[in-house]
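Chemist: requesting a structural model of the entry that follows:
(one chain, ligands or ions: 1)
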Amino acid sequence: MDEFRAEVAAWLRENRPPEPDFLMPESFMEVGTDAQFNYLRDWQRRVFEAGYLGMTWPKEYGGGGQPQVMQDIVNIEMARQNVPFMPNTIGLNWAGPLILAIGTEAEKQKYIRGILSAEDIWCQGFSEPDNGSDLAAASTRAVRDGDEYVLNGSKIWTSLGTYAKYMILLARTNPDAASRYAGLSYFLAPMDVAGVEVQPIRKITGEYGFTQTFFRDARVPVDCLMGKEGEGWKIAMQTLTFERGASGGQAGGLSMVAVSAADVVELARSAMRDGRPAIEDPLIRDQLIGFLVEEQGDRLCGARARIPALCSERPGAIPMSGKLRGTEFRRRLCQFAISLQGANGARWVGDAHAYADGLWQRSYFNAFSATIGGGTSQVQANIVGERVLGLPKD
Ligand SMILES: Cc1cc2nc3c(=O)[nH]c(=O)nc-3n(C[C@H](O)[C@H](O)[C@H](O)COP(=O)(O)OP(=O)(O)OC[C@H]3O[C@@H](n4cnc5c(N)ncnc54)[C@H](O)[C@@H]3O)c2cc1C
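Modeler: A predicted model of the protein is given here:
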């Protein structure tokens, strides 16, 4: 293992792309320019070609067929060296594992390799302008017409919508079904057909990264339907277990720029409070220790979750709370980093007097993204309350 770790570390050192001359997005949710996209896509392709992505996925579809521990080593080395993230996050982390878990042989042959190589970028069409948390209310229609489905309606907050070739799409095939769940179907839908239009949406940071997606009589072949008509809800729920990290099987690689408590300790050394470095203030030291302990606790929880005997009392507790804990931690950490800067906390990216070029300010705003995307913190808290703690629904 040590030998492999050394080999990976050396490869990453030698092959990491040069620093770009543009502002790097912090995650796949902020990839908004062609320069950013091409840079990241090229990086993912090279990591894949080196054999360091999808290492546990079956060989016959382009994966490595190796044990998880190998991919773990790569992921840890990537984080340690702070290399760029993989842009095809939706493909690598939820569409791909889903297709491998329940897809047909033809679907696996058609989609998996392109996901790994970043040739085929994937996006997710779940949320609609009027239906986000209440996913079962999705009203985008898919009507069968011979060998095709005709799509009409609109999805919103489609991350990577601008660059995606395929969408995992939840649409209503039967508005008269016995329940609203039974009327939904799931599609692996091409984006490059007539009648699909994407409109980029600008974020509070000024960045782009998601779109509103319109379907106007867009026709897709019937074999885009995953599973059977009416199985959309079940498949969407399974997708969310991959998205929220409750099920394993992700292809690996980093999916966002890491910000850690150690970075905030460094900031506290240089940020000044009453003429002295902030780190000399005992109250600040106390809070820093709190963040460091929480971060380490979270890391150890991740390791613990892999040992069933240590989680037998509440097996779902760690995986089901992971998204809530991780995303809220990042948001609070960024908020604290800004508070350390005093009045300078109001400076923005590009301001010559901003700490670290305003990185923390941008990270703070972007940190909200992950507390909302994939299910808001309130919805995640409900899930933990009901399914882990057994609390009543109301
Ligand atoms: C950066 C970003 C990227 C995204 N990318 C995608 C994407 O690629 N594809 C996609 O389909 N969607 C995407 N989304 C959309 C995201 O999944 C939804 O925004 C989210 O599910 C919430 O839905 P909503 O915005 O309609 O808010 P609403 O559902 O209207 O919620 C509004 C508020 O009410 C609260 N609330 C709602 N229901 C409950 C409840 N039952 N109990 C307690 N509180 C509740 C929510 O927590 C929230 O605070 C993205 C969002 C963001 C911010």
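Chemist: now do the same contact list for whichever residue of the chain sits closest to the ligand.
Modeler: In the chain, no residue comes nearer to the ligand than Gly132, which is 1.8 Å away by C-beta to the nearest ligand atom. C-beta: built from backbone N, CA, C; applies to glycine. Going by C-beta atoms under 8 Å, 6 or more residues apart in numbering, Gly132 touches 157, 376.
Chemist: what parts of this protein come near the ligand?
Modeler: For the chain, the residues in contact with the ligand (C-beta under 6 Å from any ligand atom) are 29, 123-127, 132-133, 157-159, 210, 369, 372-376, 378-379, 382.
Chemist: can you say which of the residues you listed are buried?
Modeler: The neighbour-count test (16 or more other C-beta atoms under 10 Å) applied to these identifies 29, 123-127, 132, 157-159, 210, 369, 372-375, 379 as buried.
Chemist: ok, the residue lying closest to Val388 once chain neighbours are set aside - contacts?
Modeler: Spatially, and ignoring its direct neighbours in sequence, Val388 is nearest to Ala317 (4.9 Å; C-beta to C-beta, 6 or more residues apart in numbering). Contact analysis of Ala317 by C-beta under 8 Å, 6+ apart lists 311, 384, 388.
Chemist: picking that back up, strands - which of the buried ones among the residues of the chain next to the ligand land there?
Modeler: 123-125, 157-159, 210 (DSSP state E).
Chemist: mind putting those into a markdown table with pLDDT?
Modeler: Listed next are these as a markdown table, based on pLDDT from 0 to 100:
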| residue | pLDDT |
| --- | --- |
| Cys123 | 98 |
| Gln124 | 98 |
| Gly125 | 98 |
| Trp157 | 98 |
| Thr158 | 98 |
| Ser159 | 97 |
| Phe210 | 97 |
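Chemist: okay, the residues you listed in TSV with distance to Phe37 next?
Modeler: Shown next, in TSV, are these (distance: C-beta to C-beta, whole Å):
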residue	distance to Phe37
Cys123	13
Gln124	17
Gly125	19
Trp157	18
Thr158	15
Ser159	12
Phe210	13
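Chemist: farthest-apart pair in those, please.
Modeler: Gly125 and Phe210 (11.4 Å; C-beta to C-beta).
Chemist: what do these two both touch?
Modeler: Shared contacts of Gly125 and Phe210, counting by C-beta under 8 Å, 6+ apart, come down to Thr158.
Chemist: ok, then the element right after the helix or strand bottoming out on mean pLDDT in the chain?
Modeler: The helix or strand of the chain with the poorest confidence is strand 272-273; it has a mean of 88 (mean pLDDT, DSSP states H and E). Using DSSP states H and E, the helix or strand that follows strand 272-273 towards the C-terminus is strand 276-277.
Chemist: hmm, who's touching that next one?
Modeler: Around strand 276-277, the neighbours that count as contacts under C-beta under 8 Å, 6+ apart are 268-271.
Chemist: sorry, back to before: please spell out the ChimeraX selection for the buried subset of the contacts of Ala317.
Modeler: Of these, the buried ones go into a single ChimeraX selection, burial set by 16+ other C-beta under 10 Å:
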select :311,384,388
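Chemist: what's opposite Glu197 in the beta bridge?
Modeler: Beta-bridge partners for Glu197, by DSSP bridges, are Phe214.
Chemist: Arg180: neighbouring residues, count only.
Modeler: Residues lying near Arg180 (other C-beta atoms under 10 Å) number 16.
Chemist: circling back: distance check, the residue of the chain closest to the ligand against Ile372.
Modeler: Separation of Gly132 from Ile372 (C-beta to C-beta, to the nearest Å): 8 Å.
Chemist: that concludes my questions; thank you for your assistance.
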